[in-house]
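Peer 1: Sharing a model prediction with you, sequence too.
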Amino acid sequence: MAQRPAPRPREAFVLAGQVVGSVAPGFLQQIDLARLAEQGGRLRQHSGAWHLEAAPEARTAALNALAVALRDAQLCGPWRNEQLAVCNPQGERLATVERGAVRVLGVGTCAVHLVGLASDGRMWVQQRARDKPNDPGLWDTLMGGMVGAADTLAQALARETWEEAGLRVADLVGVAHGGHVLLERPSSDGGGAGYMVERIDWFRARLPDGMLPCNQDGEVQRFELLPPSTLRAWLVQGLFTLEASLVIAGFLGL
């Protein structure tokens, strides 16, 4: 687990009586809550925590109304029109929310990465597009993406592998779950008020000889095939995203 605490203690964010995230002190006092009430939600501060109250059937609408209020106040991350699951500490889903709001609300997320290898042991890596909102221009694993609210882990692996690398998982050799990484660290979302809590499951697979990755969604600048010595040197130089560095370190047994 890689953990870096927030610069200031955060306040619990509670949904349905269960802690689902955290917020910076005073952060939620900056937004207009009128739209939240229209969606059947009520936000109140009690005993050092923020409680979002809504009927079970209205939780998702209330969370997304809160996300819109944060966006209108320019206090959330990049808006993606993508729903992510909001779970309690036991991993049970309570609702979903716009991806752009998860970091400022400290909501835990899930991601998937693919370590792609050539038959000679070299590793495929990608350079992130320079217009990506997060970590532009840094290097990453062959594929790294979020697990959406409608996804199983296998579905996210298949979708993201096609979108980022133009590869079908069924065409890869020896696809296997390699492990997972838990990451907690401050986030720049919301003007630095965000906090990232993420589980990254990573897989490994070999690309058949002659098969080349080809980006489909415009989020990759280019791909490179690196020998182990170069891979380790780039890790030391900090050329990879933190998430990719942790995944690759796990793969290499570092």
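Peer 2: Sure thing, it's come through.
Peer 1: who does the longest strand seen in the chain pair up with?
Peer 2: When the chain is parsed with DSSP state E, its longest strand is strand 173-187. Strand pairing for strand 173-187, using DSSP bridges, gives strand 2-3 (parallel), strand 194-206 (antiparallel).
Peer 1: Tabulate these (CSV), appending distance to Arg44 and mean pLDDT.
Peer 2: For every residue, glycine as well, the C-beta is placed using N, CA and C. What follows is those, written out as CSV (distance: least, CB to CB, whole Å; pLDDT from 0 to 100):
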stretch, distance to Arg44, mean pLDDT
strand 2-3, 30, 88
strand 194-206, 21, 97
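Peer 1: Comparing those, which comes out most buried?
Peer 2: strand 194-206 (a mean of 21; mean count of other CB atoms under 10 Å).
Peer 1: Only C-alpha atoms, please: export that one in CSV.
Peer 2: Extracted C-alpha coordinates of strand 194-206, given in CSV (Å, rounded to 0.1, in the frame of the first residue of the first chain):
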residue,chain,number,x,y,z
GLY,A,194,-9.1,16.3,-3.3
TYR,A,195,-7.9,13.0,-1.9
MET,A,196,-7.4,9.9,-4.0
VAL,A,197,-8.3,6.5,-2.6
GLU,A,198,-7.9,3.7,-5.2
ARG,A,199,-7.5,0.0,-5.6
ILE,A,200,-5.6,-0.9,-8.7
ASP,A,201,-5.9,-4.5,-10.0
TRP,A,202,-3.3,-5.4,-12.5
PHE,A,203,-3.1,-8.1,-15.1
ARG,A,204,-0.2,-9.5,-17.2
ALA,A,205,-0.3,-10.9,-20.7
ARG,A,206,1.9,-11.5,-23.7
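Peer 1: Among the strands paired with strand 173-187, which comes closest to Ile248?
Peer 2: Of all the strands paired with strand 173-187, it is strand 194-206 that lies closest to Ile248, at 9.0 Å by CB to CB.
Peer 1: In contact with the nearest residue to Pro56 once chain neighbours are set aside, which residues?
Peer 2: Spatial nearest neighbour of Pro56, excluding adjacent residues (CB to CB, 6 or more residues apart in numbering): Ala16 at 7.3 Å. Contact analysis of Ala16 by CB atoms under 8 Å, 6 or more residues apart in numbering lists Ala54, Pro56, Arg59, Asn88, Leu94.
Peer 1: one more time with 10 Å, if that's ok
Peer 2: His51, Leu52, Glu53, Ala54, Ala55, Pro56, Arg59, Val86, Asn88, Leu94, Ala95 (CB atoms under 10 Å, 6 or more residues apart in numbering).
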